[in-house]
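In: coordinates for the following, if possible.
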Amino acid sequence: MDGKIYKCGQCRQFTRTPNNSKDLCGAWDQPTMANRVACDFLC
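Out: Numbers count the residues shown, from 1 in each chain. Prediction:
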């Protein structure tokens with residue numbers, strides 16, 4: 001990437017899940033949080 005630190009919440013694969021303590025990463029189908037450092041799948 002360009003040296004910036006991206007977060008999961010900035011990714012198109014990120015999905016908010018109301019009434020849950022974790023959100024969902026659609027790319028990996030795994031729980032995540034918006035402020036977690038994004039993986040290389042960020043698109």
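
In: alpha carbons only for contacts and neighbour counts from here, please
Out: Will do.

In: make sure G9 is indeed in a helix.
Out: Yes: using DSSP: H, G, I helix; E, B strand; the rest coil, the assignment for G9 is a helix.

In: show me the contacts for it.
Out: 33-36 (C-alpha atoms under 8 Å, 6 or more residues apart in numbering).

In: again, only using 7 Å
Out: 34-35 (C-alpha atoms under 7 Å, 6 or more residues apart in numbering).

In: so which residue is dead centre in the chain?
Out: In the chain, the residue lying closest to the centroid (C-alpha atoms, centre = their mean) is C8, at 2.5 Å.

In: next up, phi/psi of L24, please.
Out: L24 adopts backbone torsions of phi -130, psi 130, taken as degrees, to the nearest 10.

In: correct me, but it touches A34?
Out: No: look at L24 against A34 with C-alpha atoms under 7 Å: they stay out of range, at 9.1 Å.

In: let me see the contact set for G26.
Out: G26 makes contacts with 13-15, as judged by C-alpha under 7 Å, 6+ apart.

In: sorry, back to before: so the residue nearest to the centre of the chain sits against F14, correct?
Out: Yes: using C-alpha under 7 Å, C8 is in contact with F14, at 6.3 Å.

In: I'd like the contacts of G26 as CSV, with pLDDT, secondary structure and distance to F41 appended.
Out: As requested, the contacts of G26 are exported to CSV (pLDDT from 0 to 100; DSSP: H, G, I helix; E, B strand; the rest coil; distance: C-alpha to C-alpha, whole Å):
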residue, pLDDT, secondary structure, distance to F41
Q13, 94, coil, 9
F14, 95, strand, 11
T15, 95, strand, 15
